[in-house]
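[1] missing the sequence, but the structure's below:
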């Protein structure tokens, strides 16, 4: 379950919120002035997000090198076509 708590409520109830995250699998969106600024999630999810971000950063760097000398409009067209192809393949598998 996703919960929301102000930064002040998190400071006052950190132990309880950590128990919800650890034992119930909840996540807590921390807000400041009503705007989301952080989240408490269990450690395995955090690690998964971190690995995904690292993979995304590596992929972005590779694409940047591949398309370094390609005009931006051509590169965008090729990337859009690849995304379209992958999404169509996913729809067929469902």
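    Structure received. Note that this is a predicted model, so its numbers are computed, not measured. Numbers count the residues shown, from 1 in each chain.
[2] can you tell me which helix in this structure is longest?
    Across the chain, the longest stretch assigned as helix under DSSP state H is helix 43-66.
[3] tell me the mean pLDDT for that helix?
    Averaged across helix 43-66, the pLDDT comes to 95.
[4] how big is the angle separating the helix or strand just after that helix from helix 43-66?
    Sequence-wise, the next helix or strand downstream of helix 43-66 (DSSP states H and E) is helix 72-93. Using axes from the mean of the first three to the mean of the last three CA atoms, to 10 degrees, the direction of helix 72-93 lies 140 degrees away from that of helix 43-66.
[5] buried residues in helix 72-93?
    residue 75 (16 or more other CB atoms under 10 Å). All C-beta atoms are positioned from the backbone trio N, CA, C, and that covers glycine.
[6] And for stretch 22-34?
    26-28, 30-31.
[7] And that stretch, end to end?
    25 Å (CA to CA, to the nearest Å).
[8] Can you name the residues in contact with that stretch?
    1-7, 10, 17, 20-21, 36-42, 45 (CB atoms under 8 Å, 6 or more residues apart in numbering).
[9] Tell me which entries of these lie within helices.
    Reading helices off these with DSSP H, I get 7, 10, 17, 20-21, 45.
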